[in-house]
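Visitor: Could you look at this predicted model? Sequence included:
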Amino acid sequence: MIEGLTIGHRGDVRDRIEKRSTALELLATNGTIEVTRQTIEAGRHFNLYAADEWSGFEFLFLLKGKMTLEDADGDETPLNEGDFLYHNGLPEKPYFRVETDVEWLMVCTPPSFHLIRDDMQEMIAMAQSVEEKDPITVGHCSRLERLAVLTGERLGLPGEQLISLSYGACLHDIGKVRVPDEILNKATQLTDSEWKEMMKHPDHGADMLSERDYLGGAAEIVRAHHERFDGDGYPRGLKGAEIPIGARVVAVVDAYDAITSARPYQKAQAKREAIDELKRSAGSQFDPNVVRAFIEVTGDDNADAHAE
């Protein structure tokens, strides 16, 4: 071995954090310089930090895959294997859409691995807390996240809203961790007082997420995901466009997943039955435009004949 030279192989990393859609590996450090590698699966959206969150020099090289950079005006710049970008502090967050599975190398100073790792660990812990509290939701949150983002893309939502939608869909029921187990797991019909307690979970969830700046948009979605398009929902009785668009999306995909999933109190229904229920409730419980977009995402051939 040559003195002073360090050779690393594919699996040699200093630190690593992983969740369903991405993995981040710390490869090397030297003083304030940090080298990391990240993989992100297709269909995801992410952003880089703005200068008010993290400021320094950052170089990013796309090792494989395709991404799209979205600017504030809606213009898009494709990024392909071999492309790279760098900055020395950004006035605002740039947003990216991952077109295919990607892998990229990042070199930055000062270090940023710990910031990304901490955010990811926090998200993982919150998602796990929901599933531990309510085992019925295992798999439910990840399905909602995927369907919500696809529907949001169909609606033409920008990157910032899609990231908030992703977080909001995944954590829409986080407030249930503050609902007593005897109410959450009750097999029979809830009493009026128990139902009032259950109806607090959107506010509980929003309050929990609002403690973290990067989850502010998701908090708005969580607070309003049980509102109805006709104003008969809770906790605020919001109506139509008063309801954040992300919450209107989560309401639709949440209902669809609930109908098509087996629960202790109901059998799973077929996709066709769930779509028909969404169509019947478009304009009352659900935003018709969101229902239409969701149906298009699911590939229903009769989408144009309904949800007008």
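Guide: Alright, I've got the coordinates.
Visitor: care to break the chain down by domain?
Guide: According to automatic domain parsing, the chain comprises the domains 15-111, 134-305.
Visitor: So for residue 120, which of the ones you listed sits nearest?
Guide: domain 15-111 (5.0 Å; C-beta to C-beta). Just so you know, the C-beta spots here come from the backbone N, C-alpha and C atoms, and that holds for glycine as well.
Visitor: Endpoints of the closest one, how far apart?
Guide: The first and last residues of domain 15-111 sit 13 Å apart, counting by C-alpha to C-alpha, to the nearest Å.
Visitor: and if you look at stretch 59-73?
Guide: Using C-alpha to C-alpha, first and last residues of stretch 59-73 are 24 Å apart.
Visitor: Tell me which residues of it come out buried.
Guide: 60-62, 65-67, 69-70 (16 or more other C-beta atoms under 10 Å).
Visitor: With respect to residue 108, which of these is nearest?
Guide: The closest of those, once distances to residue 108 are taken by C-beta to C-beta, is residue 60, at 8.6 Å.
Visitor: Can you show me the helices along the protein?
Guide: 113-133, 140-154, 159-170, 181-184, 192-198, 201-210, 216-224, 245-260, 271-281, 288-298 (DSSP state H).
Visitor: Go through those helices and name the closest to residue 100.
Guide: Here helix 140-154 is closest among the helices of the chain (C-beta to C-beta), at 15.2 Å.
Visitor: roughly how far out does the worst-scoring helix or strand of the chain on mean pLDDT sit from the chain middle?
Guide: Within the chain, confidence by mean pLDDT, DSSP states H and E is lowest for helix 113-133 among all helices and strands, at a mean of 87. In terms of C-alpha atoms, centre = their mean, to the nearest Å, the centre of helix 113-133 is set 12 Å apart from its chain centre.
Visitor: mind starting the numbering at 212 from now?
Guide: Taking 212 as the first residue, the last one we looked at is helix 324-344.
Visitor: can you give me the angle it makes with helix 427-435?
Guide: Helix 324-344 and helix 427-435 are oriented at 10 degrees to each other (axes from the mean of the first three to the mean of the last three C-alpha atoms, to 10 degrees).
Visitor: residues of helix 324-344 that come out buried?
Guide: 324, 327-328, 331, 334, 337-338, 341-342, 344.
Visitor: again with stretch 283-297
Guide: In stretch 283-297, counting by 16+ other C-beta under 10 Å, buried: residue 290.
Visitor: cool, stretch 449-469 as well?
Guide: Buried positions in stretch 449-469, judged by neighbour count with 16+ other C-beta under 10 Å: 449, 454-469.
Visitor: ditto for stretch 387-400
Guide: Within stretch 387-400, the residues that count as buried by 16+ other C-beta under 10 Å are 387-390, 394-395.
Visitor: low pLDDT regions in the stretch 212-361 of the chain?
Guide: Under the criterion pLDDT under 70, the flagged ranges of the stretch 212-361 of the chain are 346-349.
Visitor: how about a cut-off of 90?
Guide: By pLDDT under 90, the low-scoring segments of the stretch 212-361 of the chain are 212-213, 215, 221-222, 230-232, 282-286, 330-331, 333-354.
Visitor: which ones are touching the residue nearest to residue 292 when sequence neighbours are not counted?
Guide: Distances taken as C-beta to C-beta, 6 or more residues apart in numbering put residue 275 closest to residue 292, at 5.1 Å, once the chain neighbours are dropped. With contacts defined as C-beta atoms under 8 Å, 6 or more residues apart in numbering, the neighbours of residue 275 are 292, 312-314.
Visitor: In PyMOL, how would I select just the buried ones from these?
Guide: Buried members of the contacts of residue 275, defined by 16+ other C-beta under 10 Å, are picked up in PyMOL with:
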select buried, resi 313
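Visitor: Of the contacts of residue 275, which pair is most distant in space?
Guide: Among the contacts of residue 275, 292 and 312 lie farthest apart (C-beta to C-beta), at 11.4 Å.
Visitor: What distance do you get for residue 354 to residue 272?
Guide: Per C-beta to C-beta, to the nearest Å, residue 354 is found 33 Å from residue 272.
Visitor: what about the nearest residue to residue 468 once chain neighbours are set aside, how many residues close to it?
Guide: Nearest residue to residue 468 in three dimensions, chain neighbours excluded: residue 354, at 5.4 Å (C-beta to C-beta, 6+ apart). The tally of other residues near residue 354 (other C-beta atoms under 10 Å) stands at 17.
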